[in-house]
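> predicted structure and sequence below. I'll ask about it afterward.
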Amino acid sequence: MKKLLLLVLLFPVPGVYAQKWEKNYDFADNCVCGLAKVRKDGKFGYVNKQGVEIVKPQYEDALTFNEGYAAVKANGKWQYIDSTGKTIGTALYDDAYAFNSGLAVVGKNNLFGYINTSGEVVIPLSFSNAHGFAEGLAAASNDRGAWGFIDSKGNWVVKPMYNFANNFENGAARVMKGEKLFYIDKDNKLLHE
């Protein structure tokens, strides 16, 4: 019995420390940027740390807040809202991702580009795929599916030549060419395999 009590004290049962307001929702995510994504009756919204609804559950889908903005889906299209629930731009994207470095990847008709926090397209939707920015660059692929890295103006810094590329982290990015995986620096020099 002592061992069981010790286990319970060391490894508390999940949900024991849940906020009281969480029971009002079918799902409650962690609080990020002061807001938690919640779902009720199949619709998503956001509440603050005290459980007060800031954005009532009204969206078909939603992402967690990042850099003060979240992508939300209504009528089959994505757009962004700020932390007060004010919409940014219009709902016209087929795909939307979190903001990183003040830019978010958006997609429409199988092409991807980037918008700023005002909802303006700052890098045209001309890529066949794209990742968010990290360390000043973003992995993106051209119309042939070759991956490289672009800067915040949409210029190729590392020409598209890879089968796949991940974002930079600590000055290195993992890329794949053929069957080979290896790491490069921002000058496209091999670091290690």
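Everything's here; your move. Numbers count the residues shown, from 1 in each chain.
> you'd agree F127 is up against A140?
Yes: between F127 and A140 a contact is recorded at 4.5 Å, counting by CB atoms under 8 Å. In short, each C-beta sits where N, CA and C put it, glycine included.
> which residues are in contact with each of these two?
Contact criterion CB atoms under 8 Å, 6 or more residues apart in numbering; residues shared by F127 and A140: F112.
> got a pLDDT number for K2?
Looking at K2, its pLDDT stands at 43.
> burial count for L92?
Using other CB atoms under 10 Å, L92 is surrounded by 11 other residues.
> let me fix that, I meant to ask about G89.
18.
> ditto for L63
21.
> which stretches of this structure form helices?
Assigned by DSSP state H, the helices in the chain fall at 2-10.
> which residue lies nearest the spatial centre of it?
A98 (3.2 Å; CA atoms, centre = their mean).
> bridged to the residue lying closest to it once chain neighbours are set aside, which residues?
Closest residue to A98 apart from its sequence neighbours, by CB to CB, 6 or more residues apart in numbering: N66 at 4.0 Å. Bridge pairing for N66 (DSSP bridges) gives the partners Y69.
> from I150, how far out is N66?
20 Å (CB to CB, to the nearest Å).
> neighbour-wise, which of those two wins?
Set N66 next to I150 and count neighbours by other CB under 10 Å: I150 wins out with 21 against 16.
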